[in-house]
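Student: Whatever this is, show me its structure:
(2 chains)
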Amino acid sequence: MITFQNVSKNYSCHEALTDINFKIAPQEFVSVVGRSGAGKSTVIKLLIGEERPTKGRIIVGQYDVGKLRPRDLPKLRRHVGTIFQDFRLLPSKTVFENISFALEVAGYPEREIPDIVMEVLDLVDLSGKERNFVNELSGGERQRVAIARAMVNKPDIIIADEPTGNLDPFNTVGIINLLTKINELGTTVILATHNKDIVDQLNRRVMVIENGRLVKDEKRGKYSVT
Amino acid sequence: MATTLYRILRHGLQNFWRQRLLSVATLIVMLLALLVFEWLIISSFIGGTALDAIQDKIDISVYFKTTIEEDKILDIQRTLQTLDEVKEVEYVSRQEALELFKERHKDDETISKALEELGDNPLSASLNIKAKNPEQYSVIATYLENDSLSEYIEKVDYRQNKVVIDRLTQIISLSKQAGLILIIVLTFAAVLVTFNTILLAIYSNKEEISIMRLVGASNFFIRGPYIVAGILYGTIAAIVGMIITTPIVLFISPHMKAFIPGMDLAGYFIHDLPLLFLYQLLFGIGIGVISSLIAIRKYLRI
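Tutor: Take a look at the predicted model:
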């Protein structure tokens, strides 16, 4: 369960979010839409503890994110898989190592790691690419590595911030299908995007953020940014 | 815990190898810093030995009246040896002084003949006094000039040599101070350059560090590989530094001996090799680890 309770976030020069309230149940698929600068990325940053709320309370699973000590943040992040537009993969590591890194930091035993990584690589259709370095992959493949890494230690929640922003239409469909599949396997998915086609096709819950305010929250919504 | 340490070690070695160019560049800077540090130690030994050799040449000679009994002179020698300022007192009897004089002038017929004609030994017994520090000669000279001793003493050669002794004392003292300042300045410069190099190397990895944080890596897990790299830089640089320095020291040692008699640079180096290596290792690992910790601290706030 994710809860935003009267959450506001101020930066020195402006108010990024104002009095946001919502709840996301386990296994939901939610699209967060809005123009660039509307506040979508701030919501994501607050969810993974990269920023702290100026006001209000954020609960992610068992964690009160605003009150988490810096040294406890890694624990939250092991329960929340993140996917970004710029992939954020470790360039000096291979595909296998990028994915196994997430398991290593979570303390998985050494002998279990290869099987889990190969299983997840198979799920994102990247079997055979495990020895490649990141710079040897296409944009779509990189994003699938990022998804594999996000889901490898079976997180409760996956947060995707514009995951298709750098991809062509073909790869975009592939990534969204993958996220849908992950959601069907029981993981909560939060997708921040301004791709109208994706949101309309998904026909799932849509939250619209405008000027830092949550202006619409529909169970089966369409992309409707003014 | 053992698994975490094994993983940290593996990531550290992996990063070191995969970022070879960066590692080699950092290693070279670290090696230069260690060579500066190592040669400062060696130079300090050479300088110290040279200054000791000069210092050893300075002494005060006290010449006694020829009528004074040897036992009295030996009494005075024992008293002088109890002074805090005195390092050693050497007694040269009248007979020894004559033999030394003859030996020194054996090729000079005129002097040899003059001695034969004289028949008697005209030379005085003397005490050659060495002070612990050159600054202490004036104290010893003042002691020798007191009334209770002056009746036995023919001559003290301190006042004649005072200008030379003072000048040498000044040079020795200045050289020691300059050496110390040079060591501090160069060590500081070497530490600063190495620190900046490691800082830049880690700066180029700041994106990776932020990604590791996002994936849920703890600070310990992120820091670890960089500390491993710091230890590797220090260890490799210390070993390579020794490999470079050893043949140079062995080569220059005989040449140094010709300049400064009594200096055994190779002997000192081989005798203190484990200690020198340990100093280098500690210095290298110290800079490597501390620089890595300080540099990475900045990026762990992501």
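Student: how many other residues sit next to residue 64?
Tutor: Using chain A here. 12 (other CB atoms under 10 Å in any protein chain shown). C-beta coordinates here come from the backbone N, C-alpha and C atoms, glycine included.
Student: nope, chain B
Tutor: Neighbour tally, B:Phe64, other CB under 10 Å: 21.
Student: And A:Pro53, by the same measure?
Tutor: Residues near A:Pro53, counting by other CB under 10 Å: 20.
Student: Am I right that it falls within a helix?
Tutor: No - the assignment for A:Pro53, made by DSSP: H, G, I helix; E, B strand; the rest coil, is coil rather than a helix.
Student: Surely it is in contact with A:Lys9?
Tutor: Yes - contact criterion CB atoms under 8 Å: A:Pro53 and A:Lys9 qualify, at 5.6 Å.
Student: start to end distance for stretch A:197-211?
Tutor: By CA to CA, to the nearest Å, the extent of stretch A:197-211 from end to end equals 22 Å.
Student: quick one on the thing from earlier: which residues are in contact with both of A:Pro53 and A:Lys9?
Tutor: A:Leu17, A:Leu46 (CB atoms under 8 Å, 6 or more residues apart in numbering or on different chains).
Student: Verify the stated contact: A:Leu89 with A:Val145.
Tutor: Yes - counting by CB under 8 Å, A:Leu89 touches A:Val145, with 5.9 Å between them.
Student: Now do the buried residues in the helix or strand hosting B:Ala25.
Tutor: Counting by DSSP states H and E, the element that carries B:Ala25 is helix B:20-57. Neighbour counts over helix B:20-57 (16 or more other CB atoms under 10 Å in any protein chain shown) mark B:22-23, B:26-27, B:29-42, B:45-47, B:49-51, B:54-55 as buried.
Student: buried stuff in the host helix or strand of B:Lys298?
Tutor: Here B:Lys298 sits within helix B:273-299, counting by DSSP H and E. Within helix B:273-299, the residues that count as buried by 16+ other CB under 10 Å are B:276, B:279-281, B:283-285, B:287-292, B:295-296, B:299.
Student: thinking again about what came up before, the next helix or strand after the helix holding B:Ala25 - contacts with which helices or strands?
Tutor: Downstream of helix B:20-57, the first helix or strand assigned by DSSP H and E is strand B:60-64. Counting contacts by 3 or more CB pairs under 8 Å, 6 or more residues apart in numbering or on different chains; DSSP states H and E, strand B:60-64 packs against strand B:126-131, helix B:137-144, strand B:153-156.
Student: Return the longest one as CSV; C-alpha atoms alone will do.
Tutor: Okay, so that is helix B:137-144. The C-alpha trace of helix B:137-144 is given here as CSV (Å, rounded to 0.1, in the frame of the first residue of the first chain):
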residue,chain,number,x,y,z
TYR,B,137,81.7,24.0,22.6
SER,B,138,81.5,27.5,24.2
VAL,B,139,80.2,26.0,27.5
ILE,B,140,83.1,23.5,27.5
ALA,B,141,85.6,26.2,26.6
THR,B,142,84.3,28.4,29.5
TYR,B,143,84.6,25.4,31.9
LEU,B,144,88.3,24.9,30.8
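Student: mind checking how far it is from the chain centre?
Tutor: 29 Å (CA atoms, centre = their mean, to the nearest Å).
Student: who's in contact with the closest residue to chain A within chain B?
Tutor: In chain B, the residue that lies nearest chain A is B:Gly216 (3.7 Å; CB to the nearest CB). B:Gly216 makes contacts with A:Pro74, A:Lys75, A:Leu76, A:Arg77, A:Arg78, A:Ala102, A:Val105, A:Ala106, as judged by CB under 8 Å, 6+ apart.
Student: Weed out the non-buried ones from these.
Tutor: Buried, going by 16+ other CB under 10 Å: A:Pro74, A:Leu76, A:Arg77, A:Arg78, A:Ala102, A:Val105, A:Ala106, out of those.
Student: okay but the fifth one is in contact with A:Pro155, surely?
Tutor: In other words, A:Ala102. No - using CB under 8 Å, A:Ala102 is not in contact with A:Pro155, being 9.2 Å away.
Student: So for those two, which residues contact both of them?
Tutor: Contact criterion CB under 8 Å, 6+ apart; residues bridging A:Ala102 and A:Pro155 by contacting each: A:Arg78.
Student: Report the buried residues of the helix or strand hosting A:Lys23.
Tutor: In the assignment (DSSP H and E), A:Lys23 maps to strand A:15-24. Within strand A:15-24, the residues that count as buried by 16+ other CB under 10 Å are A:Ala16, A:Leu17, A:Thr18, A:Ile20, A:Phe22, A:Ile24.
Student: which other helices and strands contact it?
Tutor: Strand A:15-24 is packed against strand A:2-10, helix A:40-47, strand A:55-60, strand A:205-210, strand A:213-218, with contacts defined by 3+ CB pairs under 8 Å, 6+ apart.
Student: Quick one: mean pLDDT for the longest one?
Tutor: pLDDT averaged over strand A:2-10 equals 93, rounded to a whole number.
Student: can you give me the offset of it from its chain's centre?
Tutor: Here strand A:2-10 shows a centroid-to-chain-centroid distance of 18 Å under the convention CA atoms, centre = their mean.
Student: Now do the buried residues in that strand.
Tutor: A:Ile2, A:Phe4, A:Gln5, A:Val7, A:Lys9.
Student: Tell me the residues of chain A that contact chain B?
Tutor: Selection of chain A residues close to chain B by CB under 8 Å from any CB of the partner chain yields A:48, A:50, A:70-71, A:73-78, A:82, A:88-93, A:101-102, A:104-107, A:109-110, A:149.
Student: what residues are up against the closest residue to B:Ala33 other than its chain neighbours?
Tutor: Nearest residue to B:Ala33, sequence neighbours excluded (CB to CB, 6 or more residues apart in numbering or on different chains): B:Ala190, at 3.5 Å. Neighbouring residues of B:Ala190 by CB under 8 Å, 6+ apart: B:Leu32, B:Ala33, B:Leu34, B:Val36, B:Phe37.
Student: Please tell me how far B:Ala190 sits from B:Ile287.
Tutor: According to CB to CB, to the nearest Å, B:Ala190 and B:Ile287 sit 8 Å apart.
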